[in-house]
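Peer 1: Here is a sequence together with a model predicted from it:
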Amino acid sequence: MLEMITRQAQEKLWADFGNCLESEAAEEFLETLLNLMRIMFALNHDYRRNIKGFRGRYQFISRDRRVTMAALFDNGRMTVRETVIPDPDITITFRDGRTLIHFILSPRQDIIGAMLRQDVQTEGNLNYLYKFGYMAKQLQMMMPRL
């Protein structure tokens, strides 16, 4: 069967497979980060102050829609969903899974640079993104160094 598939078709299949794995890894990574954040809000009073009285709906998505993750904040509680939500306050669209992971792990998230490189597109109120970035950085500083 593989002999019948052209080399170009085989390369495309492998590339698609790699992109699928990359997207799945990115989604799992983002989900883990969001759930860790949710747990820390529940356990750490000082960290929970970040969301006291806060309402916000975040949509994280890749251009190919293989990554779809949402974070919902409502009066001191955070919910994580692996879906597209209606009416987000901000939608952050990443070029692909690799870009999402690189952006999150970057020591200095440069949203403007990422937007200029067309790695990230946003729709909605950018203040929500800056608040999320602050909370993610605060969470990172709370984690023990391995």
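Peer 2: Thanks, I have the structure now.

Peer 1: C-alpha from now on. contacts and neighbour counts both.
Peer 2: Will do.

Peer 1: the helices in this protein, which residues?
Peer 2: Chain-ordered helices for the chain, with DSSP state H as the definition, fall at 7-43, 45-48, 97-105, 111-116, 126-142.

Peer 1: where does this protein have low pLDDT?
Peer 2: 1-23, 105-109, 111, 145-146 (pLDDT under 70).

Peer 1: Select, out of the helices of the chain, the one closest to A70.
Peer 2: helix 7-43 (8.9 Å; Cα to Cα).

Peer 1: Not counting its neighbours along the chain, what's nearest T68?
Peer 2: Spatial nearest neighbour of T68, excluding adjacent residues (Cα to Cα, 6 or more residues apart in numbering): I61 at 4.6 Å.

Peer 1: Quick check: the gap between the residue nearest to E27 when sequence neighbours are not counted and E31.
Peer 2: Distances taken as Cα to Cα, 6+ apart put V67 closest to E27, at 5.4 Å, once the chain neighbours are dropped. Separation of V67 from E31 (Cα to Cα, to the nearest Å) stands at 10 Å.

Peer 1: Compare neighbour counts for these two and give me the winner.
Peer 2: Counted by other Cα atoms under 10 Å, V67 and E31 do not tie: V67 has more neighbours, with 26 against 19.

Peer 1: Great, nothing more from me.
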